[in-house]
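Predicted model, plus sequence, below.
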Amino acid sequence: MIVLASKSASRRAMLEAAGVAFEAQAANVDERAIEAGMEGARPDQVALALAEAKALAIPADERLVLGSDSLVVVENRRFDKPENREEAAEHLRFFSGKAMQLHSAAALARGGEIVWRHPAVAMLFTRELSEDFITAYLDAEWPAVAGCVGVFRIEAMGVQLFERIEGDQFTVLGMPLLPVLGALRDHGELPS
Ligand SMILES: Nc1nc2c(ncn2[C@@H]2O[C@H](COP(=O)(O)OP(=O)(O)OP(=O)(O)O)[C@@H](O)[C@H]2O)c(=O)[nH]1
């Protein structure tokens, strides 16, 4: 059985639906401190570093530990999860009419060493969002989207934000599940 170093309901749901046996433990990682030390790094490098830090944060003897991280980039600005509803509205106003890169990375650790890592990115094209829409959207989706980078749950009303999406659906949900399953097979955690 692997350890999922995450408090993310979306990541847990992906592994459960895929039939992966796992135990979830939140990883106690200071994400802001790691990001602060990576000024100038590419967003895929930051997401990978955070995924690795989470995977390494759980002492699990010889069990595989899976860490993952997602972040959003719009016009070279990086966005984490909104702190409050006002910030969520600000994020949505900025995203309006723009292309959003959603980086989701994953890493596996065993015995305190990273044994596999994978960055992934999806492109989401946000339509022009009116102030009335933003208010009605947050009336319906706040605080459910407080834990979601990009201020959306694609499987819920978040889909109304976009005109077009390019990329893997799991990357959008927060973890590149297909490469993760391949790595679990390679490490004997899933039948080939
Ligand atoms: N339900 C849902 N969650 C999403 C979606 N897109 C991104 N997320 C979530 O947004 C969160 C991104 O924040 P992270 O810092 O990577 O992860 P976290 O939620 O803090 O959880 P940890 O893995 O414990 O760090 C993750 O939980 C993603 O699963 C989506 O479309 N739907």
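That came through, no problem. Numbering: from 1, shown residues only.

which non-adjacent residue is nearest residue 192?
Using C-beta to C-beta, 6 or more residues apart in numbering and skipping the chain neighbours, the partner closest in space to residue 192 is residue 185 (5.0 Å). Backbone N, C-alpha and C define where each C-beta goes, glycine included.

Apologies, that question was intended for residue 117.
Spatial nearest neighbour of residue 117, excluding adjacent residues (C-beta to C-beta, 6+ apart): residue 107 at 4.4 Å.

Over to residue 2?
In space, and not counting its chain neighbours, residue 2 is closest to residue 64: 4.5 Å by C-beta to C-beta, 6+ apart.

Run through the residues that contact that neighbour.
Applying C-beta atoms under 8 Å, 6 or more residues apart in numbering to residue 64 gives the contacts 2, 3, 108, 109, 110, 115, 184, 187, 189.

do you know how far it is from residue 54?
Counting by C-beta to C-beta, to the nearest Å, the separation of residue 64 from residue 54 is 13 Å.

On the three-state scheme, residue 14 is what?
helix (DSSP: H, G, I helix; E, B strand; the rest coil).

Where does this protein get nearest to the ligand, which residue?
residue 174 (2.5 Å; C-beta to the nearest ligand atom).

Per-residue pLDDT of that residue, please?
Per-residue confidence (pLDDT) for residue 174: 96.

can you count the residues close to it?
Residues lying near residue 174 (other C-beta atoms under 10 Å) number 25.

hang on, isn't it packed against residue 104?
Yes. Counting by C-beta atoms under 8 Å, residue 104 is a contact partner of residue 174 at 5.6 Å.

Okay, buried residues for stretch 64-83 please.
64-74, 79-82 (16 or more other C-beta atoms under 10 Å).

Which strands or helices does the helix ranked longest in the chain pack on?
Ranked by residue count under DSSP state H, the longest helix found in the chain is helix 43-56. On a contact count with 3 or more C-beta pairs under 8 Å, 6 or more residues apart in numbering; DSSP states H and E, helix 43-56 meets helix 31-36, strand 65-74, strand 99-110, strand 113-126.

The residue of the chain most remote from its centre: what's it in contact with?
What lies farthest from the middle of the chain is residue 132; by C-alpha atoms, centre = their mean that is 27.8 Å. Residues near residue 132 by C-beta under 8 Å, 6+ apart: none.

In which helix or strand does it reside?
Element membership for residue 132, per DSSP states H and E: helix 131-141.

same question, residue 163
Per DSSP H and E, residue 163 falls inside strand 162-166.

Buried ones in that strand, by neighbour count?
Across strand 162-166, burial judged by 16+ other C-beta under 10 Å covers 162, 165.

and what of stretch 170-177?
170, 171, 172, 173, 174, 175, 176, 177.
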